[in-house]
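Novice: need coordinates for the following:
(one chain, ligands or ions: 2)
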Amino acid sequence: MEVEFLGGGEEVGRLGIFVKSNGIPLLFDYGLTPGEPPEYPKQSPPVDSVFLSHAHLDHSGMIPWLSTRYDVPVLSTVVTQEVSKILYRDTLKIAGASGYPFPYGEIDVNRAIENFSAVKPHQTVEVNGIEVECHPSGHIPGSLMFEMKNEETLFACDINTIDTRLLTGAKAVKCRNLFLEGTYSGHEHPERKQLERDFIAKIDEIVDRGGKAIIPAFAVGRSQEMAMILADSGYEVWIDGMSSKVTEILLEYPEYIRSEKDLRRAIESLNVVYSSRGRALAMKGDVIITTSGMMNGGPVLGYVDKLCNDGKSAIILTGYQVEGTNGRRLLETGEIKMYGITKKINCEIEFFDFSAHAGHSQLVEFARKCSPENVVIFHSEDREPLAEEIKDFANVYTPKNGEKFEI
Ligand SMILES: [Zn+2]
Ligand SMILES: [Zn+2]
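Specialist: Ligands and ions are numbered 1, 2, ... in the order given. Presented below is the predicted three-dimensional model:
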């Protein structure tokens with residue numbers, strides 16, 4: 001099988017894995033890196049089908065571009081498709097507002113949506129004689145790993161192996177070649193239950209001193225998980241942005257989450273912002289969960305604008321912050337770029353490692369259980385620590401973007 005990373009080999013973002021097996025060209029994910037300006041993968045050659053692991057833009061964001069050019073089926077779960085529709089429309093809005101040229105528009109988004117073809121976890125589909133089995137990946141609702149049967153190859157593009165409040169962790173799949181994301185290569189996560197306790201203690205501290213906690217959160221998964229953690233806190237919690245639309249989708253397809261009952265209860269315990277009046281009310285509450293998770297747009301910027309000089313309030317980041325995003329800038333410099341100007345943030349800045357990705361040891365354990373001959377590590381800013389450990393039991397590949405190789 002021939003392989004080329006069109007992007008996303010040596011970075012977290014703009015992933016595209018081009019594969020040619022028995023002369024059949026396929027693509028696994030095709031995303032972009034949101035940022036100012038956004039970054040794109042190399043142009044994909046024509047392919048027969050594209051397998052989309054999940055809705056995050058670094059995996060899905062370039063599928064509209066692909067769809068108009070090659071008119072190919074896009075295989076993913078119904079949840080990924082429903083969420084992608086919302087994300088694409090939002091991406092076009094953000095792109096329009098940012099002023100940077102963008103590689104596609106409304107027509108391309110509609111074409112992508114027409115080409116969506118739904119698959120289910122544990123289903124095996126056939127594309128030009130190649131069988132592909134879908135496995136849940138535990139990363140966000142609707143996310144999948146793809147197992148190409150003829151090549152005994154597993155594509156684990158963003159996985160989480162632990163159970164969270166929202167999802168059940170991914171299980172290993174025996175394979176010969178394992179394509180493994182390495183976001184947290186060299187980095188361990190804190191124990192989840194303890195992390196939740198520390199998180200609530202931090203919110204107690206902020207509210208006690210008269211401040212508000214702004215929680216920028218990804219619309220898919222993280223917002224719902226935060227809502228579930230805060231459901232019994234007794235605080236006035238507001239949720240704003242795309243998250244409520246996404247929650248409605250998740251409740252429509254409850255087979256993709258761990259407990260419909262718990263999610264429903266959590267959502268009913270908090271207040272939803274529907275309008276600017278809702279935003280004014282939210283400012284009087286205690287906690288605001290809002291998009292976007294990396295602070296590159298969305299209502300979070302409005303809240304931060306109002307609270308950035310309030311030393312009693314805090315911004316609590318809860319997920320991976322890609323290089324070049326406002327969230328990363330905030331953690332590294334205490335500043336963000338807002339509406340074209342750099343702004344110093346004078347409230348407390350906190351980071352809680354609620355990851356949707358497996359940590360270092362969890363990745364190693366997952367790889368070991370798959371008992372592969374070869375492991376290709378990608379989707380990482382530093383693949384070395386993971387490569388070093390996996391070398392003990394498999395051949396390790398760390399290809400660069402644009403480097404063609406056989407496996
Ligand atoms: Zn992801
Ligand atoms: Zn990713």
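Novice: touching, residue 5 and residue 17? I think so.
Specialist: Yes: between residue 5 and residue 17 there is a contact under Cβ atoms under 8 Å: 6.0 Å. Every C-beta, even on glycine, is put in place using the N, C-alpha and C of the backbone.
Novice: okay, and the common contacts of those two?
Specialist: When Cβ atoms under 8 Å, 6 or more residues apart in numbering defines a contact, the residues bordering residue 5 and residue 17 alike are residue 378.
Novice: what is the end-to-end distance of stretch 117-130?
Specialist: One end of stretch 117-130 sits 16 Å from the other (Cα to Cα, to the nearest Å).
Novice: who's in contact with it?
Specialist: Residues from elsewhere that reach stretch 117-130 (Cβ under 8 Å, 6+ apart): 21-22, 24, 26, 48-49, 73-78, 81, 131-136, 144, 148-150.
Novice: now do the domain split for this structure, please.
Specialist: What automatic domain parsing lists as the domains of the chain is 2-187+356-406, 192-351.
Novice: point out the most buried one among the ones you listed.
Specialist: Comparing the domains of the chain by mean neighbour count (mean count of other Cβ atoms under 10 Å), domain 2-187+356-406 ranks first with a mean of 20.
Novice: what average pLDDT does that one get?
Specialist: Averaged across domain 2-187+356-406, pLDDT comes to 96.
Novice: tell me how far it lies from the chain's centre.
Specialist: Per Cα atoms, centre = their mean, to the nearest Å, the displacement of domain 2-187+356-406 from the mean C-alpha position of its chain is 11 Å.
Novice: what about it, near ligand 1?
Specialist: Yes: shown here: domain 2-187+356-406 in contact with ligand 1 (Cβ under 5 Å from the ion) through 56, 158.
Novice: near ligand 2, anything from that domain?
Specialist: Yes: using Cβ under 5 Å from the ion, domain 2-187+356-406 reaches ligand 2 at 58, 158.
Novice: now do the same end-to-end measure for that domain.
Specialist: Domain 2-187+356-406 has its terminal residues 5 Å apart, counting by Cα to Cα.
Novice: residues near the nearest residue to residue 190 once chain neighbours are set aside, how many?
Specialist: With Cβ to Cβ, 6 or more residues apart in numbering as the measure, residue 353 is the residue that lies nearest to residue 190, at 5.9 Å, once sequence neighbours are left out. Residues lying near residue 353 (other Cβ atoms under 10 Å) number 17.
Novice: avg pLDDT for stretch 315-324?
Specialist: So the average pLDDT for stretch 315-324 ends up being 91.
Novice: off-centre distance for it?
Specialist: 12 Å.
Novice: stretch 257-276 too?
Specialist: With Cα atoms, centre = their mean as the basis, stretch 257-276 stands 20 Å off its chain's centre.
Novice: quick one: contacts of it?
Specialist: Contacts for stretch 257-276 (Cβ under 8 Å, 6+ apart): 141, 163-168, 224, 227-228, 230-232, 236-241, 244, 247, 250-251, 254, 278-279, 281-282, 285, 289-290, 299.
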